[in-house]
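Mind folding the following:
(chains A and B)
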Amino acid sequence: MSSPAARLQSDTLGSRLTSRGDLTSFFMQLTAEIGADSYMLVAIVHDQDRNDARIVSSNWIFDAIELIGKRLIAGLAQGALTVAPGIRPQPLVASRAPEADGLVTGEEARLLDVLGHAEIYSLRLNVGRQRLFALFSAATAGSIDQPALMRAQLKCCYALSHIPQLIAAAAMQDPLSDRERECLFWVSEGKTTDEVAVILGVSSNTVNSYITHAIQKFAASNRAMAIATAIRSGII
Amino acid sequence: MKHADIKETAEALFNEQRNPFGAFTLGSETHHAVTIPDAVRRCRWIAVDMNASAFGLFFVSPSPERARLVPCFDSDYPGIAVATKFISGANGEEIVRHTRISTEPRWWTDDGVPATAELFGDFAWTERMAALVPGTSGIAFPVHADRGQCGLVVFLGSEMTLQQDALYEVHARCFSLFAAVARIRPGDAGRMRAISKRELECLKLTANGNTSEEIARLLKLSVHTANQYLTQSTQKLNAVNRNQAVAKALRLGLIE
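Numbering: from 1, shown residues only, chains lettered A, B, ... in the order given. Okay, here's the model as predicted:
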């Protein structure tokens, strides 16, 4: 029923993805297929009030990343521009910025334009419970094919599902062990240490030690902050 | 401008900007689901497009312990289909584990219907799994919403038709359907007493690891007042303590 013609090279590359090298060739191929010039795969790491961008893979020139800065990249990846799968994406067009949403300043927009990112789309990728962001950009505004981009968003989610360990390591979003995550979940449901101990069938001391480890792993100062960090990064 | 006009304009704008199906064809789905019956109708359209005879939408419970699917609605709405009972029972455990780490669709088929195996077997990206419902064929799409909610949209039928390109479109539509359902599902949000700006500020600072004393200093309040704000917001959120209040406020999107 499905015509072989519908299978593109990115489908073949992506469904066989196993390594970081495969990831690069898949994204390069996908970028070309949708009419874009550049891609950037970003993980956002929450650190109190600040969001840090961690670049997992990208074909942006190094100088461009230096000039633009991680803060702006984090803003682009997680700003008003970003859409979940199934929502029609709207591009940031550098020549029309800054617009009311204040995502980028006029200066930043000019810089993006000069560096070959005249239009930028930002897509949210769900890889199981992990969340990443993909920026696709083109040197000429209007050259990215929107329906193809929407399909590409799902393909990215699928492809990254093949390398969960690599994604988790890159994003460092879930440093917790199963037990620590369970304990933290029940605490976030309002349970006390003693109640969690009964639920999990272990001693209260054990529960406290799991929670202390979770707090340390997140570099949090108390339980509330550890819970907040875990929820913000989609762990619980 | 009258209130009704403003509302209408805002809705038109919202639909134009956020219409997930703008790039696709169906004109009947231009409105976001606001109630469960709306969502059922939207899901039925997706099922019709792929010639599926039944469907169901499930939430994956956030508890790491219970690897179960919680039914939200299915094609027998307002009743519950027999298939739903199989899926939310032990048959669903494997796909729950899959949904937590992967977004790829999974399909299964009844051995008596080789056509379905041929159809899905040819696709890039999807693989076969053990049957969710005995004696049927079907496909399951993992979905995720803004606040980290996780779910599964399942379609069943022995005569499903789907093209490779349509696979992405169906999955994209499942994503936006689930996002709409996840927004209406936190049932107590509507009945909740409004939380004041000050109370939210205190909650946010708590989420960032500050103690009551630190909040009092930062907001130039007495420790007693800061505690008062936190107690009030905990009550309004129907939570038993601060930890749960922080978790609920984050999950409802009241604080970032």
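
who in the stretch 151-256 of chain B is up against chain A?
The stretch 151-256 of chain B has residues B:161-165, B:168-169, B:171-177, B:179, B:206-211, B:239-244, B:246-247, B:250-251, B:256 near chain A, with proximity defined as CB under 8 Å from any CB of the partner chain. Quick note: C-beta positions are derived from backbone N, CA and C, even for glycine.

Domains in chain A, by residue range?
With automatic domain parsing serving as the domain definition, the record reports that chain A contains domains spanning A:4-171, A:178-232.

Now distance to chain B, mean pLDDT and mean neighbour count too, for those, in CSV please.
Shown next, in CSV, are these (distance: least, CB to the nearest CB, whole Å; pLDDT from 0 to 100; neighbours: other CB atoms under 10 Å in any protein chain shown):
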stretch, distance to chain B, mean pLDDT, mean neighbour count
domain A:4-171, 3, 86, 19
domain A:178-232, 3, 91, 19
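
Using a markdown table, lay out those together with distance to residue B:134.
Conversion of the domains of chain A to a markdown table gives the following (distance: least, CB to CB, whole Å):
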| stretch | distance to residue B:134 |
| --- | --- |
| domain A:4-171 | 27 |
| domain A:178-232 | 31 |
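
Now intersect the residues of the stretch 151-256 of chain B next to chain A with the helices, please.
Among those, the members falling in helices are B:164-165, B:168-169, B:171-177, B:179, B:206-207, B:242-244, B:246-247, B:250-251 (criterion: DSSP state H).

closest one to residue B:127 among the domains of chain A?
Each of the domains of chain A was scored for nearness to residue B:127 using CB to CB, and the closest is domain A:4-171 (9.3 Å).

Can you classify residue B:253 as helix, strand or coil?
In the three-state summary, residue B:253 is assigned as coil, counting by DSSP: H, G, I helix; E, B strand; the rest coil.

Now list the buried members of the residues of the stretch 151-256 of chain B next to chain A.
B:162-165, B:168-169, B:171-177, B:179, B:206-210, B:239, B:242-244, B:246-247, B:250-251 (16 or more other CB atoms under 10 Å in any protein chain shown).

can you dump the C-alpha coordinates of stretch B:128-147 into CSV?
Extracted in CSV, the C-alpha atoms of stretch B:128-147 (Å, rounded to 0.1, in the frame of the first residue of the first chain):
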residue,chain,number,x,y,z
ARG,B,128,5.9,-4.9,15.5
MET,B,129,5.0,-5.7,19.1
ALA,B,130,2.9,-8.2,21.0
ALA,B,131,-0.9,-7.8,20.4
LEU,B,132,-2.5,-5.3,22.8
VAL,B,133,-5.9,-6.8,22.2
PRO,B,134,-6.1,-10.5,21.1
GLY,B,135,-7.5,-11.3,17.7
THR,B,136,-7.1,-7.7,16.4
SER,B,137,-4.7,-5.5,14.4
GLY,B,138,-3.8,-2.1,15.5
ILE,B,139,-1.2,0.7,15.8
ALA,B,140,-0.2,2.7,18.9
PHE,B,141,1.2,6.2,18.8
PRO,B,142,3.2,7.5,21.9
VAL,B,143,2.3,11.2,22.6
HIS,B,144,3.6,13.8,25.0
ALA,B,145,2.1,17.1,26.2
ASP,B,146,3.6,20.4,27.4
ARG,B,147,3.8,19.6,31.1
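
end-to-end on stretch B:109-119?
Between the opening and closing residues of stretch B:109-119 we find a distance of 10 Å, counting by CA to CA, to the nearest Å.

just stretch B:92-107 next, same as before
Across stretch B:92-107, first to last residue, CA to CA, it's 13 Å.

in it, what counts as buried?
Judged by neighbour count (16+ other CB under 10 Å), stretch B:92-107 contains these buried residues: B:92, B:95-96, B:98-107.

Show me what that stretch is in contact with.
The contact list for stretch B:92-107, computed with CB atoms under 8 Å, 6 or more residues apart in numbering or on different chains, reads A:126-129, A:154, A:157-158, A:160-161, A:164, B:58, B:60, B:67-69, B:116, B:120, B:125-130, B:132, B:137-142, B:144, B:150-152, B:167, B:171.

switch to 7 Å and redo it
A:126-129, A:157-158, A:161, A:164, B:60, B:67-69, B:120, B:125-130, B:132, B:138-142, B:150, B:152, B:171 (CB atoms under 7 Å, 6 or more residues apart in numbering or on different chains).

roughly how far out does that stretch sit from the chain middle?
In terms of CA atoms, centre = their mean, to the nearest Å, the centre of stretch B:92-107 is found 15 Å from the chain centre.

Give me the mean pLDDT for it.
Confidence for stretch B:92-107, expressed as mean pLDDT, is 89.

List phi and psi for residue A:126.
Note on residue A:126: its backbone torsions stand at phi -110, psi 120 [degrees, to the nearest 10].

List the residues that contact it.
A:85, A:157, B:103, B:144.

Relative to residue B:103, how far out is it?
Spatial separation of residue A:126 from residue B:103 under the definition CB to CB, to the nearest Å is 5 Å.
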